[in-house]
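Q: Sharing a model that was predicted from the sequence below.
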Amino acid sequence: MIRAAVVGASGYTGVELLRLLHRHPEVDIVCLTGDSSAGKRIQDIYPHLQGIYNQPVENTDPDLIAERADFVFIALPSGHTGSIVPNLLKKGLRVIDLGGDLRLPGDMYSKWYKKTPVPEPIQKQAVYGLSEWYRTEIEKAQLIANPGCYPTATLLALLPLVEAGAIEPDSIIVDAKSGVSGAGRAAALGSVFSEVNENFKAYKVNHHQHTPEIEQQLSKAAGKKVVMTFTPHLVPMTRGILATCYARVSAGWTQSRLFDLYHSTYEGKPFVRIRPVGNYPQTKEVTGSNRCDIGLSLDDRTGRLTVLSVIDNLVKGASGQAVQNLNIMAGFEETAGLDEVPLYP
Ligand SMILES: NC(=O)C1=CN([C@@H]2O[C@H](COP(=O)(O)OP(=O)(O)OC[C@H]3O[C@@H](n4cnc5c(N)ncnc54)[C@H](OP(=O)(O)O)[C@@H]3O)[C@@H](O)[C@H]2O)C=CC1
Ligand SMILES: CC(=O)N[C@@H](CCC(=O)OP(=O)(O)O)C(=O)O
């Protein structure tokens with residue numbers, strides 16, 4: 001049995017970890033921590049957990065965590081990793097960080113997050129946890145940078161194409177939409193019902209912090225620097241991301257060859273489903289599950305390919321992928337604790 005701590009258990013991704021890990025056969029939750037909610041019982045913060053979890057939420061004390069746990073999920077706002085994670089690593093714990101602190105080199109992190117980066121050796125030690133693509137590195141890792149929600153949806157859609165040279169990398173445009181839980185539980189004007197309901201807006205246009213994270217992985221796959229246009233939008237729904245990706249196809253790539261490429265790339269990957277020709281995924285079709293569904297269409301008139309990718313931001317976009325990474329790191333069945341059928345309708 002793995003003894004796991006959830007740091008930031010009172011937030012949305014923290015409580016989603018509790019939902020998923022409750023049915024994990026190999027994981028015991030031994031410590032929950034928070035900030036303003038420290039001292040309360042988790043069931044008093046989240047009454048839907050009554051009779052399921054009754055632990056207290058404690059202050060985030062790395063020494064206390066290291067005494068009880070051997071595996072730690074960090075589900076904190078960005079900027080806190082540096083004060084907690086080095087201590088945990090020194091004590092030999094394995095750590096999965098759901099925030100953005102470990103995904104970018106320090107200079108890029110300061111530029112896009114406007115926060116102080118973690119010390120360079122810690123950032124360099126982190127393995128980027130896009131489970132379907134970096135399994136071998138994840139297996140051996142002590143520290144995982146769990147990918148962002150938009151990058152997960154976008155990279156699962158685009159990496160097969162970029163790696164195979166099927167598209168011109170300088171032609172990529174990603175137009176993505178997220179549900180409001182992507183912004184977390186902390187009160188913010190932009191998440192208030194009357195601001196979000198019956199509204200639809202783009203935000204952080206050309207300035208979203210997930211832009212360099214996506215470009216970094218696309219560049220690695222292309223073997224050269226890739227930049228793209230990325231526009232996120234906020235949709236009045238609770239969960240879900242739909243990333244619509246556009247690119248010009250390279251010479252010689254037909255629609256059927258593109259479908260073959262996706263099928264062979266994701267063969268044997270339990271959470272990625274490729275939709276048949278003419279069928280396009282909807283966010284509701286993956287809600288509550290760790291799945292990423294992908295649909296595509298090549299427009300012969302324009303020579304442009306459209307790839308649609310959907311995930312649940314709190315599951316494959318955060319806590320579900322974190323559990324998938326734990327499974328890979330610990331040598332468990334990749335689907336352990338994650339075999340949910342999507343919640344539909
Ligand atoms: N929401 C999403 O869809 C996704 C989120 N992420 C990332 O995951 C991380 C967590 O996000 P999310 O769960 O949505 O955020 P929430 O705002 O819902 O939760 C944040 C958690 O961090 C705790 N916390 C806040 N400030 C501090 C502090 N100073 N010291 C210690 N603990 C603190 C809060 O404790 P308390 O409530 O007790 O004050 C709470 O438990 C973020 O880095 C986010 O970017 C990544 C992918 C998707
Ligand atoms: C809807 C919404 O506001 N989503 C958040 C997702 C941020 C996130 O997950 O933060 P990391 O940078 O730590 O990955 C945003 O766009 O900023």
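A: Sure thing, it's come through. Ligands and ions are numbered 1, 2, ... in the order given.

Q: which residues does the spatially closest residue to residue 50 that is not a sequence neighbour contact?
A: Nearest residue to residue 50, sequence neighbours excluded (C-beta to C-beta, 6 or more residues apart in numbering): residue 43, at 4.6 Å. In short, each C-beta sits where N, CA and C put it, glycine included. Counting by C-beta atoms under 8 Å, 6 or more residues apart in numbering, residue 43 makes contact with 49-54.

Q: which one of the residues you listed is nearest ligand 2?
A: residue 49 (22.8 Å; C-beta to the nearest ligand atom).

Q: Excluding sequence neighbours, find me the nearest residue to the closest one.
A: Nearest residue to residue 49 in three dimensions, chain neighbours excluded: residue 43, at 4.8 Å (C-beta to C-beta, 6+ apart).

Q: Just say helix, strand or coil for the one you found.
A: Three-state assignment for residue 43 (DSSP: H, G, I helix; E, B strand; the rest coil): helix.

Q: I'd like to know how far it sits from residue 110.
A: Using C-beta to C-beta, to the nearest Å, one gets 39 Å for the distance from residue 43 to residue 110.

Q: With residue 65 instead?
A: Distance from residue 65 to residue 110, by C-beta to C-beta: 27 Å.

Q: do residue 326 as well
A: Counting by C-beta to C-beta, the gap from residue 326 to residue 110 is 29 Å.

Q: Quick check: phi and psi on residue 128?
A: Per-residue torsions, residue 128: phi -70, psi 120 (degrees, to the nearest 10).

Q: what's across from it in the sheet?
A: Judged by DSSP bridges, the bridge partners of residue 128 are residue 145.

Q: my read: it touches residue 145, true?
A: Yes: in this structure, residue 128 is within contact of residue 145 by C-beta atoms under 8 Å, at 5.3 Å.

Q: Next, show the common contact partners of the two.
A: Common neighbours of residue 128 and residue 145, using C-beta under 8 Å, 6+ apart, are residue 103.

Q: Neighbour count for the two, which is higher?
A: Legend: neighbour count by other C-beta atoms under 10 Å for residue 128 and residue 145, higher for residue 145 (26 against 22).

Q: isn't that one right next to residue 125, touching?
A: No: using C-beta under 8 Å, residue 145 is not in contact with residue 125, being 9.7 Å away.

Q: Would you mind listing what in the stretch 201-345 of the chain touches ligand 2?
A: 209, 232, 234 (C-beta under 6 Å from any ligand atom).

Q: Which one of the residues you listed sits in the busiest neighbourhood?
A: Ranking these using other C-beta under 10 Å puts residue 232 first, with 24 neighbours.

Q: can you map out the strands along the stretch 1-150 of the chain?
A: Along the stretch 1-150 of the chain, the stretches classed as strands by DSSP state E, counting those that start in this stretch are 2-7, 27-34, 57-59, 71-74, 94-97, 127-128, 143-145.

Q: Run the contact check for the shortest one versus ligand 1.
A: No: contact check for strand 127-128 against ligand 1, using C-beta under 6 Å from any ligand atom: none in range, with a minimum separation of 13.5 Å.

Q: what does the last one give?
A: No: under the criterion of C-beta under 6 Å from any ligand atom, strand 143-145 makes no contact with ligand 1; the nearest approach is 10.8 Å.

Q: Distance from that strand to the middle of the chain?
A: Centroid displacement of strand 143-145 relative to its chain, using C-alpha atoms, centre = their mean, to the nearest Å, is 12 Å.

Q: packing partners for that strand?
A: Helices and strands touching strand 143-145, by 3 or more C-beta pairs under 8 Å, 6 or more residues apart in numbering; DSSP states H and E, are strand 94-97, strand 127-128, helix 320-330.

Q: Including mean pLDDT and distance to residue 82, could those go into CSV?
A: As requested, the helices and strands packed on strand 143-145 are exported to CSV (pLDDT from 0 to 100; distance: least, C-beta to C-beta, whole Å):
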stretch, mean pLDDT, distance to residue 82
strand 94-97, 98, 11
strand 127-128, 98, 18
helix 320-330, 98, 19
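
Q: State the number of residues packed around the nearest residue to residue 93 once chain neighbours are set aside.
A: Excluding the flanking residues, the one nearest residue 93 by C-beta to C-beta, 6+ apart is residue 72, at 5.5 Å. Residue 72: 25 surrounding residues under other C-beta under 10 Å.

Q: Do I have it right that residue 72 meets residue 64?
A: No: if you go by C-beta under 8 Å, residue 72 and residue 64 don't touch, sitting 11.5 Å apart.

Q: Name the surrounding residues that touch stretch 176-188.
A: Applying C-beta under 8 Å, 6+ apart, the contact partners of stretch 176-188 are 10-13, 77, 149-150, 153-154, 190-191, 196, 230-244, 283, 313-314, 317.

Q: Show me this structure divided up by domain.
A: Using automatic domain parsing, the domain parsing of the chain gives 2-125, 150-313.

Q: So for residue 140, which of those domains sits nearest?
A: domain 2-125 (10.6 Å; C-beta to C-beta).

Q: Quick check: end-to-end length of that closest one?
A: Taking C-alpha to C-alpha, to the nearest Å, the first and last residues of domain 2-125 lie 22 Å apart.

Q: now the farthest one out in the protein, which residue is it?
A: Farthest-out residue of the chain from its mean C-alpha position, per C-alpha atoms, centre = their mean: residue 301, at 34.4 Å.

Q: Am I right that that residue sits in a helix?
A: No: according to three-state DSSP, residue 301 belongs to no helix; its state is coil.
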